[in-house]
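> My questions are about this predicted structure, shown below with the sequence.
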Amino acid sequence: MTWLAALPTTVPFASTHQAIGYPTLFLLVLIGALVPVVPTGALVSSAAVVAFHQAAPLALAIVFVTASAAAFLGDATLYWLGRRGMRSKNGSRWLEALRSRAPEDRLGQAQEKLADHGVAVLVLSRLVPAGRIPVMLACLMAKWPMRRFARGNLPACLAWAVTYQLIGILGGSLFSEPWKGVVAAVALTVLISAAPSLWRRVRRTAAQ
């Protein structure tokens, strides 16, 4: 990844790093929003570590804008593709991909919460590990228009970008060497992502 390769560089290299790193970050977060296998939270946190060690507030601001814009565009595109699949008699591979990543129990919970709390659930869905896809599918099944989804998804993407950027800043502040901060930030994001599934396994084991 571009910013990882740029870790040992000096300040004069910063302009080159920015010229390559920000478009790469945008592209990877966009792909991660469309194909939910790329660890986008870890990418944003890693980029924030590098920006923090550059002691450049502008760099942190650009990371925030880049990540939130890419996440919003990716979500909007995926929702649009899902709406096309809902209207099609034969569905679509994008819609099937969404359904495959939304277990029935998680989808049922998302539909109930969406009916009770509306847009607030959409805003929170990006902050809950594995919460984005079930809520997005619930919005599709509730036939939310694109404009309503976009209004709720914008603050969701902003909150998501702030959260993972803060994780990166925390990791960067703990270590004097950027690569150690990146490792700490990535480890923390992986732990946050894995925590809900681990908790569910513990509960199932305790119930048996």
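Received it, and whenever you're ready, just let me know what you need. Numbers count the residues shown, from 1 in each chain.
> residue boundaries of the helices in this protein?
2-5, 14-34, 40-53, 57-87, 93-100, 104-117, 119-125, 132-141, 146-174, 178-207 (DSSP state H).
> Was I right to think Gly152 contacts Val119?
Yes. Counting by Cβ atoms under 8 Å, Gly152 does reach Val119; the two are 3.9 Å apart. C-beta: built from backbone N, CA, C; applies to glycine.
> related to what we said a few turns ago, how about JSON lines for the helices of the chain, with mean pLDDT and mean neighbour count added?
Shown next, in JSON lines, are the helices of the chain (pLDDT from 0 to 100; neighbours: other Cβ atoms under 10 Å):
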{"stretch": "helix 2-5", "mean pLDDT": "43", "mean neighbour count": "17"}
{"stretch": "helix 14-34", "mean pLDDT": "77", "mean neighbour count": "18"}
{"stretch": "helix 40-53", "mean pLDDT": "87", "mean neighbour count": "27"}
{"stretch": "helix 57-87", "mean pLDDT": "92", "mean neighbour count": "19"}
{"stretch": "helix 93-100", "mean pLDDT": "81", "mean neighbour count": "16"}
{"stretch": "helix 104-117", "mean pLDDT": "88", "mean neighbour count": "15"}
{"stretch": "helix 119-125", "mean pLDDT": "89", "mean neighbour count": "20"}
{"stretch": "helix 132-141", "mean pLDDT": "92", "mean neighbour count": "23"}
{"stretch": "helix 146-174", "mean pLDDT": "91", "mean neighbour count": "19"}
{"stretch": "helix 178-207", "mean pLDDT": "66", "mean neighbour count": "15"}
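> Quote the end-to-end distance of stretch 142-149.
One end of stretch 142-149 to the other measures 11 Å (Cα to Cα, to the nearest Å).
> Touching it from outside, list them.
For stretch 142-149, the surrounding residues in contact (Cβ atoms under 8 Å, 6 or more residues apart in numbering) are 76, 79-80, 83, 86, 111, 114-115, 119, 122, 136, 139.
> Which one of those residues is nearest to Ala55?
Ala55 has its nearest neighbour among those in Ala76, at 34.0 Å by Cβ to Cβ.
> check contacts around the closest one.
146, 149-150, 153.
> separation between it and Arg151?
To Arg151, Ala76 is 11 Å away according to Cβ to Cβ, to the nearest Å.
> Kindly report the same for Ala115.
Computed as Cβ to Cβ, the Ala115 to Arg151 distance reads 18 Å.
> Same question for Glu177.
42 Å.
> and of the contacts of stretch 142-149, the nearest to Ala187?
Comparing these against Ala187 with Cβ to Cβ picks out Met136 as the nearest, at 27.6 Å.
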